[in-house]
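> need coordinates for the following:
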Amino acid sequence: MSSRFLTSEQQHSYGHYVGEPTSIQLAHYFYLDDAAKQLVQKCRGDYNRLGFAIQLCTARFLGTFLINPINVPQGVVDYLASQLEIKDVSCLPQYLLRSNTHWEHTLVIKKYYGYRDFSEQPGHWRLVRWLYQRTWIGGESPSMMFDLITARLVEQKILLPGVTVLSRLISAVRERVANRTWKILSKLPNKKQIENLEALIIVEEKVRFTPLEQLRKSPTRKSGPSLVNALNRLMIIRALGINQLDVGKIPPIRFKALSKAAFTLRAQAIARMSTERRIATLVAWVYVMEATAIDDALDVLNLLVKDILAKSQIDGKKNRLRTLKDLDAAALQLAIACRILLNPATEDIQVREEVWRQLTPEELSSAIDDVEDIARPPEDNYYDELLKQWRSVRRFLPKLLSIIDFEGNQAGQKVLKAWQFLQSIEGKRNPLMDTAPLNIVDKKWAVWVVDTNGNIDRRAYTFCVLGQLLEALRRRDLFVSKGERWSNPRAKLLKGDAWESARTSVCRTLELNSKPEPELKVLHEQLNQAYTKTAKNLPQNSEVRIEVDKKGKESLTISNLDKLDAPESYLKLRDKVESLLPQVDLPEVLLEINAKTGFMNEFTHLNETFAKVKDLSTSICAVLIAQGCNIGLSPLVRKRIPALTRGRLSWVEQNYFRPDTVTKANARLVDAQTKIPIVKSWGGGEVASADGMRFVVPVQTLNAGANSKYFNRGRGVTYYNYTSNQFTGFHGLVVPGTLRDSLVVLVGLLEQQTSLRPKELMTDTSGYSDVIFGLFWLLGYQFSPRLADAGSARFWRLDSQADYGLLDNLARQTVKTELIEQNWDDMLRVAGSLKLGTVSATEIMRALQRGKKPSTIAKAIGELGKITKTLYLLNYVDDEAYRRRILTQLNRGESRHSLARAIFYGRRGEIRERYREGQEEQLGTLGLVTNVLVLWNTYYMNAAINQLEEGGWEIKEEDKARLSPLSHSHINMLGRYQFNLPEDLKDGTLRPLRDIETIDELADLDFW
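Presented below is the predicted three-dimensional model:
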């Protein structure tokens, strides 16, 4: 096999120097200790000593010897020469005059330092075994595995082989793992089960879809019949019997990797596979599909019950409005009687006579009855209207009770027992309700569930249990183990032997002590210093003041940041740079960036990895525009151009566009952005912001939610994306409706796959909670939300006796450090599980932030978060520049959203995909196209800056830092698209900048 899975950067950097080593790398790999110097001094002549030292350090740094041993960066030569006290490094070329000398030196270095050849045993066997085990239990891509094995070879002092040797080894091991998986799985089902599996891919006459394709379709409606269909789908999958097979020998990651093909390929393509592979693929698909079907059914249940509850409230309010006139009339009659009663001039014995004089007893009795019937207490939740929905619930409840088996933790046991009671009485005509567990019935439901005679109403009890069930599911106090999204996140945490073996490496990775006392001591010192500094600066801080309310409680008030006037030099520079940017069509931008970065090479065929067709980049470009601009394929179809026929574009869209290929292509763009010189003026990628874009979804889908502020009367999704301070988007995820930011804010940092390693994340206030602050600190990140009202936030202290001067009365609460100390190991376990990916950030946040009764571990992380939040607040209050830096980064994210909106102009900017995967793919493509435009602008802005500086223009660094690559007026995104890139641009060169003298002429053209 070839090394086609390697990126061009990996192939270029493998076994070679790529630029000058950093100062840290020089100190680590190129420092000569006494033993090394003694070995070097045995060589005759400065050139031999320097050449020997270069070869030794090259082997340390690269893990190999170079064919031309002195082809190293000048900084390496100078660094080694200074240690060897060699003043004239120009003698180095003499090292190559004797052809055998440098080869002899490699043998000395190998013998003295223990370097081994790649093929030498038993090292080679151990390496292959490690690679096999890692591939078997891990989910790394081939290119990531290449980096891992390269690092291991360097660490183990095994000299690197040729790039094709290593890539072929990885491919061969992956093939062995795949064959082993197919062999094991294909032998598990019996003959009858195999027949049932094969029947899934048989195309019957007069049937449009195979059973496999029908089962792959997720529900899109939230209704009783839709839930019943989802449960029937689960029953069909379970009837195949795959869940009864012993699959413990296969790691879960292998199931996901193998089943991926069955989720996307046509049944005919699966049928063409070899027998072992076909059966194994179907077994894996059914195994994974059961979890998917469970999740889909619970998604429908969750949305359906929410709709039933909402409908009862709407109906109740409508009925109340209809009867308002009757209530008014009755209330007025009661008012007459009450006024007579309250009139002090009316004698007590005359009250009744006076009332009967104005009202008859029948009228007064009727008014009382009307008020009692129509008026509602403040805590009323229209449960009487909810009970009228009984028939709707009975459509799905029997099947739900019989199919889904819930499990629960300690907090969910009460609800679980109530659910099990409903299961026990299902199907009985007159069930005995006396034994129903009533400890889940709250005060609001009590009057409806239990009547005055002590009888339990089955309908009211069922609705009460359903409401509690859904609440417990959302908190994950109840769960379904065989599901994925609705499973128990606590079960995915590291535990037992796995945690014991991982604890040391986790602590080292997170740079945390295994004991809490040293960490709390450092935090205590930092907190005292922060309080002291902020209190000292407060009298001179005109933007912050302490206010005291009527109760004597102190709070801080922070003035809004004033808008800074842009310097004249910056405005001139911005206008000059923008005037030089070439005017171009969107397809040319995509093709041009592909010529420079090769990002389209990451779009690989789903099944046939090395499938090739002519002008594939043109077809990919067209699909990128179709999805990124939200216009569909029709405007891009050209019947006479093979790469743009409808058949070709549909084939490319179905086989090449997946969330994983979009993610890999995006990573290339982000990496390319970091290498452009002007980007260093904007930031190093260590800071990022997160915010959401809202999209209306007008089609029937489960993956959408309501929010009148953003979606009017419809439903929609939020594309929650992460923007670096280099203007690139490095991750994004789609959430239904407007999910709380705090549930997903960590996802982008933990799951992103680019070379960026942001350490600080800035968000709006909605992403804020004590638990988030605690988790960010544990994971080594800085959480920096823009606080709408920082003054109302609580300030915490660790020392109850400390005197913080002007801020002493603000720090009224003391952190419970004993809770942190008692749960420190569990806190490390949560952080380690997140870092190693055994549990997702969204799952663990749902479990930790579960309302009024958080778990002990959530309380402990929250207590830690109170410390780090206070440190952040003190810095936020004290440093105006810090507040402005947060605002600047958030504005970059919002400006990027504006660019994305301009790109996504088709279909009124609405998402028409029904399924979550389709929405993720389309919005991921939008993020990719946005990054392409940002990168294109950055290349040409950098060229414009260079041209201006060469022309004598004096450019200030602070002005350069304020430039933005998010403008798009010079890029045409509309009209009939052309896909022709000039020949002189196909090798990655830039097009000429605009001539400033022609700008006025171009402005007159209607097109622009």
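> chain center to stretch 487-498, what's the gap?
Distance, stretch centre to chain centre, for stretch 487-498: 21 Å (C-alpha atoms, centre = their mean, to the nearest Å).
> before we move on, what about stretch 441-460?
On C-alpha atoms, centre = their mean, the centre of stretch 441-460 falls 44 Å from the chain's centre.
> what are the buried residues along that stretch?
Buried residues in stretch 441-460, counted by 16 or more other C-beta atoms under 10 Å: Val441, Trp445, Trp448, Val449, Val450, Ile456, Asp457, Arg458, Arg459, Ala460. Yep, even glycine has a C-beta here, placed from its N, CA and C like the rest.
> now stretch 269-276
For stretch 269-276, burial by neighbour count (16+ other C-beta under 10 Å) applies to Ala269, Ile270, Ala271, Met273, Glu276.
> outside of stretch 697-715 itself, list whatever touches it.
Residues outside stretch 697-715 that contact it (C-beta atoms under 8 Å, 6 or more residues apart in numbering) are 218-222, 296, 299-300, 303, 694, 696, 716-717, 734, 736-739, 910-916, 919.
> take these and keep only those in helices.
Asp296, Asp299, Val300, Leu303, Arg916, Gln919 (DSSP state H).
> pLDDT-wise, what's the bottom of the residues you listed?
Least confident of those in the model: Arg916, at 85.
> before we move on, back to that, from the ones in helices among the contacts of stretch 697-715, which is closest to Asn891?
Nearest to Asn891 among these: Gln919, at 26.8 Å, using C-beta to C-beta.
> you'd agree that closest one is up against Ile911?
Yes: the criterion here is C-beta atoms under 8 Å, and Gln919 meets it with Ile911 at 5.7 Å.
> higher neighbour count, these two?
Legend: neighbour count by other C-beta atoms under 10 Å for Gln919 and Ile911, higher for Ile911 (25 against 22).
> give the residues shared as contacts by Gln919 and Ile911.
If you check Gln919 and Ile911 against C-beta under 8 Å, 6+ apart, the residues they both contact are Val697, Val717.
> if I pick Phe255, what's in contact with it?
Val247, Ala284, Tyr287, Val288.
> report the buried members of these.
The neighbour count (16+ other C-beta under 10 Å) marks Val247, Ala284, Tyr287, Val288 as buried among the contacts of Phe255.
> the second one: helix or strand, and which one exactly?
Read it as Ala284. helix 275-322 (DSSP states H and E).
> mind giving me the packing neighbours of that helix?
Contacting helix 275-322 under the criterion 3 or more C-beta pairs under 8 Å, 6 or more residues apart in numbering; DSSP states H and E are the following elements: helix 163-187, helix 191-199, helix 211-216, helix 224-239, helix 252-264, helix 267-271, helix 383-387, helix 458-475.
> burial measure for Leu750, as a count.
Neighbours of Leu750 (other C-beta under 10 Å): 15.
> could you check the pLDDT of it?
Reading off the model, Leu750 has pLDDT 87.
> and if you look at Glu1001?
Looking at Glu1001, its pLDDT stands at 40.
> go through stretch 386-402 and flag the buried ones.
Counting neighbours by 16+ other C-beta under 10 Å, stretch 386-402 gives Leu386, Leu387, Gln389, Val393, Phe396, Leu397, Lys399, Leu400, Leu401 as buried.
> ok, so of those residues, who is nearest Gly774?
Set against Gly774, the nearest of the buried residues of stretch 386-402 by C-beta to C-beta is Leu400 (37.2 Å).
> in a strand, that's where the closest one is, yeah?
No: Leu400: not assigned to a strand; according to DSSP: H, G, I helix; E, B strand; the rest coil it is helix.
> tell me the contacts of it?
Leu400 touches Leu227, Leu231, Leu301, counting by C-beta under 8 Å, 6+ apart.
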